[in-house]
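Trainee: Sequence plus the predicted model coming up.
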Amino acid sequence: MASNKVYLPYLNDIKLVQQNYVLSDKYHIAHFDESLFVHQIYDFQEEKKYYQKFQTNDKIYFQVISDFGVVQVRLINCEEEIIVTGTVAPILNSFYNIPKVAYGCTIDLTGVPTGYYYVKVLVGIGAGQMKLISEPIYVDVNIPNSILFQYNHRKNFYGSIFQNGETFSFRCEAILTDFKPSVNSVVFEDQTANLVSLSATAFRSFELVIGDGYGSPDWVADKINRIFCCSNALLDGKQFVRSDGSKMSRNGDKLYPMAGWTIEVREAKANNGVTFSNDLPTGSDVISILFDEPVLFGDTAGLTTDAVTLKVK
């Protein structure tokens, strides 16, 4: 039984595998969690590369649970040169017990030049050190037609720590389309077939489309599916939920290793209006509201005209 173990929650915003993993000669399927996407493409499929997308104003945050050593995190280029050294800190939690230690790992992408990179994770030291590598990523100032998914849960969930307010972020090519104005209504029909609306609540549904014209790998769809299992999922800053019973639907060809994915989602709040606000100081203008006619309901004995004059200064 292996003595050194590392656990990686599926809700992490990046996918990590063991670096230089070699498939046994006995097997021919590179499984989901063990191999990078390029190594999962069958020989009869078209060869394609996929780069996970990040903007320079994004932060990479993920959790690593280890029972044998400290964690080091780096952003490296294709020559394995260190571009950014990430910060790592133990997470106080009630979920994991010693010898397991949960670490929160963050890489700030501010100022990172546009280009292609990997995240490399080192766990432990010496001969037993474990090396992990991410799917390749692409960093740019702006990623058009992408959505930033920010998600957390009301309690520790799926092996991830949320009890201190931890929030993950995941960006991918996606759009909201096919708006569906919907309603939950109750209608009464009498014996003469006349109808009366007893209640109605309107809400908005959309089709969330994952992937650009080239599609996305299966691991991206798997990530989105799990994100919508969380109690809070924001899409570009607005909370959405998976529509009741909605499932990820694949649109692709078996000879092509990527696909487009769709799922129906709803705005989490069925609001009746919109509120705009800011925190800026108001001007010095004076607003006066005057009731010229002192007409009141009830007993007005003893009241004067001043009693119905309202001045806001």
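Mentor: All right, it came through fine.

Trainee: only C-alpha atoms for contact and neighbour calcs from this point on.
Mentor: Will do.

Trainee: element containing F162?
Mentor: Under DSSP states H and E, no helix or strand contains F162.

Trainee: What is the burial count for it?
Mentor: Residues contacting F162 under the criterion other Cα atoms under 10 Å number 18.

Trainee: Give me the phi and psi angles of it.
Mentor: Main-chain dihedrals, F162, degrees, to the nearest 10: phi -130, psi 0.

Trainee: Dihedrals phi and psi, the nearest residue to V112 once chain neighbours are set aside?
Mentor: Nearest non-adjacent residue to V112, counting by Cα to Cα, 6 or more residues apart in numbering: T56, 6.5 Å away. Dihedral angles of T56 (phi, psi; degrees, to the nearest 10) stand at phi -70, psi -10.

Trainee: looking only at pLDDT, what's the mean for stretch 255-272?
Mentor: Averaged across stretch 255-272, the pLDDT comes to 94.

Trainee: follow-up on the earlier one: I'd assumed D140 was in contact with the residue nearest to V112.
Mentor: Yes. Using Cα atoms under 8 Å, T56 is in contact with D140, at 6.0 Å.

Trainee: Name the spans of the stretch 51-200 of the chain whose pLDDT lies under the cut-off.
Mentor: In the predicted model of the stretch 51-200 of the chain, no residue satisfies pLDDT under 70.

Trainee: how about the strands of it, start to end?
Mentor: Assigned by DSSP state E, counting those that start in this stretch, the strands in the stretch 51-200 of the chain fall at 52-55, 59-66, 71-76, 82-85, 87-90, 101-108, 115-123, 130-134, 137-140, 146-152, 168-189, 195-210.

Trainee: And for C105, the neighbour number?
Mentor: When neighbours are counted by other Cα under 10 Å, C105 registers 21.

Trainee: That one and I91 touch, don't they?
Mentor: No. Taking contacts as Cα under 8 Å, C105 lies outside contact range of I91: 9.8 Å.

Trainee: follow-up on the earlier one: any figure for the gap between the residue nearest to V112 and I224?
Mentor: Using Cα to Cα, to the nearest Å, T56 is found at 22 Å from I224.

Trainee: residues contacting the residue nearest to V112?
Mentor: Neighbour list for T56: 109-112, 139-142 [criterion: Cα atoms under 8 Å, 6 or more residues apart in numbering].

Trainee: Okay, the spatially closest residue to K53 that is not a sequence neighbour and W261: tell me how far apart.
Mentor: Spatial nearest neighbour of K53, chain neighbours left out: Y138 (5.1 Å); criterion: Cα to Cα, 6+ apart. According to Cα to Cα, Y138 and W261 sit 21 Å apart.

Trainee: Buried residues in stretch 131-145, which are they?
Mentor: Neighbour-count burial for stretch 131-145 flags 131-141, 143 (criterion: 16 or more other Cα atoms under 10 Å).

Trainee: And it, how far out from the chain middle?
Mentor: 15 Å (Cα atoms, centre = their mean, to the nearest Å).

Trainee: what about dumping the CA coordinates of that stretch to CSV?
Mentor: Extracted C-alpha coordinates of stretch 131-145, given in CSV (Å, rounded to 0.1, in the frame of the first residue of the first chain):
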residue,chain,number,x,y,z
LYS,A,131,5.5,16.0,-9.5
LEU,A,132,2.2,17.1,-11.0
ILE,A,133,1.6,19.0,-14.2
SER,A,134,-1.5,20.8,-15.5
GLU,A,135,-3.2,20.8,-18.8
PRO,A,136,-1.6,23.5,-21.0
ILE,A,137,-3.0,27.0,-20.4
TYR,A,138,-3.1,30.1,-22.4
VAL,A,139,-2.9,33.5,-20.8
ASP,A,140,-3.9,36.8,-22.4
VAL,A,141,-5.2,40.2,-21.4
ASN,A,142,-8.6,39.5,-22.8
ILE,A,143,-10.3,36.2,-23.9
PRO,A,144,-13.4,37.1,-26.0
ASN,A,145,-16.4,34.8,-25.9
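
Trainee: Please look at L16 and L132 and confirm they touch.
Mentor: Yes. The pair formed by L16 and L132 meets the contact definition of Cα under 8 Å, at 6.0 Å.

Trainee: ok, what's across the strand from the most centrally placed residue in the chain?
Mentor: Per Cα atoms, centre = their mean, the C-alpha nearest to the average position across the chain is that of F149, at 2.5 Å. Listed beta-bridge partners, F149: F170, L235 (assigned using DSSP bridges).

Trainee: OK, contacts around it?
Mentor: Contacts for F149 (Cα under 8 Å, 6+ apart) come out as 169-171, 233-236.

Trainee: ok, so of those, who is nearest P257?
Mentor: Distance to P257, by Cα to Cα, is smallest for R171 among these, at 20.3 Å.
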